[in-house]
Structures are given as structure tokens and as C-alpha cells.
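In: Fold the following and give me the result.
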Amino acid sequence: MIGRLTGWLRARPHIGIIALIVAGTVVALLSYGRPPICTCGTIRLWEGAVNSPENSQQIADWYTLSHFTHGILFYGLFWLVLRSLRFETRLILAVAVEAGWELLENSSFIIDRYRQATIALGYTGDSVLNSVSDIAFMTLGFLLARRAPLWLSVTLVLFCELFALWMIRDNLTLNIVMLVWPVQAIKQWQGG
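Out: Next up is the predicted model:
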């Protein structure tokens, strides 16, 4: 069994590298003091309440759409600027960037920034489970973008952005705007 696994990994070294990146991210997040799972003690597939203490703690939530979108956008960007690299190398880079974002997002600097500039007043950071799931959903978006025609990738990004905007008054675009250059009118609108 072990021999088969090592042979399979030798044929697909990018999977081993990705696993190491994710494992390193888990170790770093735990060293930050992030809880492995929701402190409520349960693991659920979905948390639909944005203002819930379980948001960013479970496997998926409304912000999962943003991470899926990251994958599609990373695929497009890396295809444009790093087309000479093998697909597997671009995938490793995408996972590394997403893992880097998860580490930054869970730093006290970004957590405090979310609390000051956005409607996420009670945001305390992600559970390790949620961060690993975010990386997985980014990877799913990246892999899907490789196989999908361009029109479908664009449609999925627009759908994710507009659906999240409609459902929770937030999305990847507004998240970036509010982190980089907060707009009081947007914050008031998001607060309902």
C-alpha cells in the first residue's frame, strides 16, 4: 500500500508539494492560535448566517464563493502571464498564493482591518477547517477554469459575485474595496 502511494506521488509530485503547502498552512494557523474547528464543537458543511459566530468556522459559508472565484481568476491570470509554465506549476503557485492569503487574512492586522473597515464587526478569524476548505474551493475553481470554456468561467465569476451581493450585500469585489479603500456609504448599505 505504502509503495503504491509513494509511486503515485512520484508520478504526481505537484500533489505532494500542494499537500506540504496545506500542511504548512495548518501548522502556521495553529501557531497563530486559530481553532482547529468551530469553537462551538460541531462541524457542519454550511453556515448561512453571515453575522453568526459560526461564519468562517464551518466547511463552507457565503465567502466560499469568493474563494472559488479566486481559483478561476488565478487560473486566468497565471494562464496570461505564466503560460510557459506547466499547468501543475501554475496550480502549485495558486495554492501557495491562496495559502498566503489565508495566513494574512488570519493575522491580527487583517482581522482588525475587517473590524474597522467592513461590516464584520465580530469577525475573529477563520477556523483551520474553514481555511483549508477555502484553499480546496480555490483549487476547485482553478481546476474547473482549466476545463471550462472562457464564457463559462466569466459567467461563473459574475454569478458568484452577483449572487453573493444579492444574498449578503458582500462579495469579493466589495471585500477588496473595503479592505483597501473603505467607503462609508458601502459600509452603511451593507449594514442594511
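
In: that's a helix at N175, yeah?
Out: Yes: counting by DSSP: H, G, I helix; E, B strand; the rest coil, N175 is located in a helix.

In: Next SSE downstream of the helix or strand bottoming out on mean pLDDT in the chain?
Out: When the helices and strands of the chain are scored by mean pLDDT, DSSP states H and E, helix 2-11 comes last with a mean of 68. Note on helix 2-11: by DSSP states H and E, the next helix or strand toward the C-terminus is helix 13-31.

In: Go through that following helix and flag the buried ones.
Out: For helix 13-31, a neighbour-count test (16 or more other CB atoms under 10 Å) marks 14, 17-18, 21-22, 25-26, 28-29 as buried. Quick note: C-beta positions are derived from backbone N, CA and C, even for glycine.

In: How about residues contacting it?
Out: With contacts defined as CB atoms under 8 Å, 6 or more residues apart in numbering, helix 13-31 is touched by 9, 36, 88-89, 91-92, 95-96, 99, 102-103, 106, 126, 128, 131-132, 135, 139.

In: swap the cut-off to 10 Å and go again
Out: With CB atoms under 10 Å, 6 or more residues apart in numbering as the test, helix 13-31 has contacts from 6, 8-10, 12, 34-36, 86-92, 94-96, 98-100, 102-103, 106, 125-132, 135-136, 139.

In: just stretch 155-162 next, same as before
Out: 64-73, 76, 141, 144-145, 148-149, 171-174.

In: Restricted to helices, list the contacts of helix 13-31.
Out: Cross-referencing the contacts of helix 13-31 against helices under DSSP state H gives 6, 8-10, 87-92, 94-96, 98-100, 102-103, 128-132, 135-136, 139.

In: Below-threshold pLDDT in this structure: ranges please.
Out: Along the chain, the model assigns pLDDT under 70 to residues 1, 5, 7-9, 11, 119-121.

In: returning to what we had before: among the contacts of helix 13-31, name the buried ones.
Out: Applying 16+ other CB under 10 Å to the contacts of helix 13-31 flags 34-35, 90-92, 94-96, 98-99, 102-103, 106, 125-132, 135-136, 139 as buried.

In: Name the helix or strand for I186, please.
Out: helix 184-190.

In: Show me what counts as buried in that helix.
Out: Result for helix 184-190 [16+ other CB under 10 Å]: buried residues 186, 190.

In: Kindly export it (C-alpha atoms) in CSV.
Out: Extracted in CSV, the C-alpha atoms of helix 184-190 (Å, rounded to 0.1, in the frame of the first residue of the first chain):
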residue,chain,number,x,y,z
GLN,A,184,-18.6,54.7,4.4
ALA,A,185,-21.6,54.6,2.0
ILE,A,186,-20.9,51.0,1.2
LYS,A,187,-20.4,50.1,4.8
GLN,A,188,-23.8,51.7,5.7
TRP,A,189,-25.5,50.0,2.7
GLN,A,190,-24.0,46.6,3.8
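
In: ok now it, how far from the chain's centre?
Out: 24 Å (CA atoms, centre = their mean, to the nearest Å).

In: what's the burial count for the residue lying closest to A148 once chain neighbours are set aside?
Out: Leaving aside its sequence neighbours, A148 sits nearest to L156 (CB to CB, 6 or more residues apart in numbering; 7.5 Å). Applying other CB atoms under 10 Å, we find 19 residues neighbouring L156.

In: Thank you, goodbye.
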